[in-house]
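> sharing a model that was predicted from the sequence below.
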Amino acid sequence: MTAPAPFAVEGVSRTFGSGPAAVQAVRDVSFSVAEREIVAIVGPSGSGKTTLLSIAGGLLTPSAGRVVVLGEDITALGHARRAAFRLRHIGFVFQSFNLLPSLNALENVEVALNLAGTAGRPAKLRAMDILELLALEDRAHIHPNELSGGEQQRLAVARALANRPDVILADEPTASLDSAAGHRVIELMRTAVDAGEARAMVIVTHDTRILDVPHRVLLMDDGRVRPASDADRASLRLPVPG
Ligand SMILES: Nc1ncnc2c1ncn2[C@@H]1O[C@H](COP(=O)(O)OP(=O)(O)O)[C@@H](O)[C@H]1O
Ligand SMILES: [Mg+2]
């Protein structure tokens with residue numbers, strides 16, 4: 001028997017508003033992410049990516065469908081239990097890095113560990129390890145405003161990974177970076193997944209420059225998600241799936 005996927009979205013829809021002004025942002029979306037798999041969902045602005053990712057992370061309630069993380073239906077949890085589940089199991093990365101400017105890089109990661117109950121020397125050692133994985137070990141004592149954009153985003157990834165979440169959800173993580181810096185961020189995210197620091201990863205993006213790194217690419221348009229066809233793969237210059 002194969003193990004269940006660590007992460008699954010099942011028949012999820014979301015409508016904003018009602019009557020003639022209603023917007024159906026997400027329409028009957030289903031997909032799952034396998035152990036140590038990175039799935040990218042690529043689509044234009046307004047296609048529903050942020051809405052879908054917010055539902056996937058339990059930040060927003062779907063109008064229909066459910067999200068199953070490690071066998072747990074998070075859509076069925078109450079507000080407080082869902083927040084507790086998020087803290088333990090889900091790491092978020094956003095386009096705006098959301099770092100704490102008064103803390104150095106190491107402390108930014110330690111704060112995430114402290115929130116989840118790890119303090120003192122164990123927190124410092126874990127923070128240092130994860131900074132090293134993101135190639136930031138010589139940046140540990142530097143404040144975010146002295147880091148490059150790519151380094152800031154790598155720090156945000158380090159923070160999201162600190163508590164060994166099961167799932168990392170990233171919303172446009174490379175949108176404010178140049179091509180080389182964006183690529184480096186995604187490559188290091190893949191290194192982290194390959195190293196077992198997260199069990200599954202979903203990246204929603206309109207940045208087609210980074211699509212050679214994820215294991216699988218899905219397309220989102222007008223609220224719907226579908227696999228990339230051969231024609232899509234050719235136009236997006238995706239590598240041929242192995
Ligand atoms: N809170 C909201 N209230 C009303 N409409 C929203 C809200 N959030 C998103 N939408 C609408 O849903 C659609 C999808 O938005 P979004 O998920 O942000 O797409 P993307 O992230 O792909 O740009 C858009 O038409 C947007 O205007
Ligand atoms: Mg968005």
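Everything's here; your move. Quick caveat, the model's predicted, so the values are computed rather than measured. Ligands and ions are numbered 1, 2, ... in the order given.

> same question for stretch 16-33, mean pLDDT?
Averaging pLDDT along stretch 16-33 gives 96.

> hang on, I meant stretch 168-186
96.

> helices or strands up against the helix or strand of the chain with the lowest mean pLDDT?
Least confident helix or strand, the chain: helix 230-235 with a mean of 88, by mean pLDDT, DSSP states H and E. Packing contacts for helix 230-235, counted by 3 or more C-beta pairs under 8 Å, 6 or more residues apart in numbering; DSSP states H and E, involve strand 216-221. Heads up, the C-betas are built off the backbone N, CA and C, glycines and all.

> and the strand it packs on, C-alpha only, in CSV?
Taking Å, rounded to 0.1, in the frame of the first residue of the first chain, the C-alpha atoms of strand 216-221 are listed here in CSV:
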residue,chain,number,x,y,z
ARG,A,216,5.7,19.2,-11.4
VAL,A,217,3.9,22.2,-12.9
LEU,A,218,0.2,22.9,-12.9
LEU,A,219,-1.5,25.7,-14.7
MET,A,220,-4.1,28.0,-13.2
ASP,A,221,-6.5,30.2,-15.2
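
> now it: buried residues?
R216, V217, L218, L219, M220 (16 or more other C-beta atoms under 10 Å).

> same thing with stretch 47-67?
If you call a residue buried by 16+ other C-beta under 10 Å, then stretch 47-67 has these buried ones: 47-58, 62, 65, 67.

> those in helices, which ones?
Members of the buried residues of stretch 47-67 lying in helices (criterion: DSSP state H): K49, T50, T51, L52, L53, S54, I55, A56.

> what segments of this protein are strands?
Under the criterion DSSP state E, strands of the chain are mapped to 7-16, 23-33, 37-42, 64-69, 72-73, 90-93, 167-171, 200-205, 216-221, 224-227.

> contact partners of the fourth one?
Counting by C-beta atoms under 8 Å, 6 or more residues apart in numbering, strand 64-69 makes contact with 6-13, 28-30, 55-56, 58, 73-76, 85, 89-90, 166-167, all of which sit outside it.
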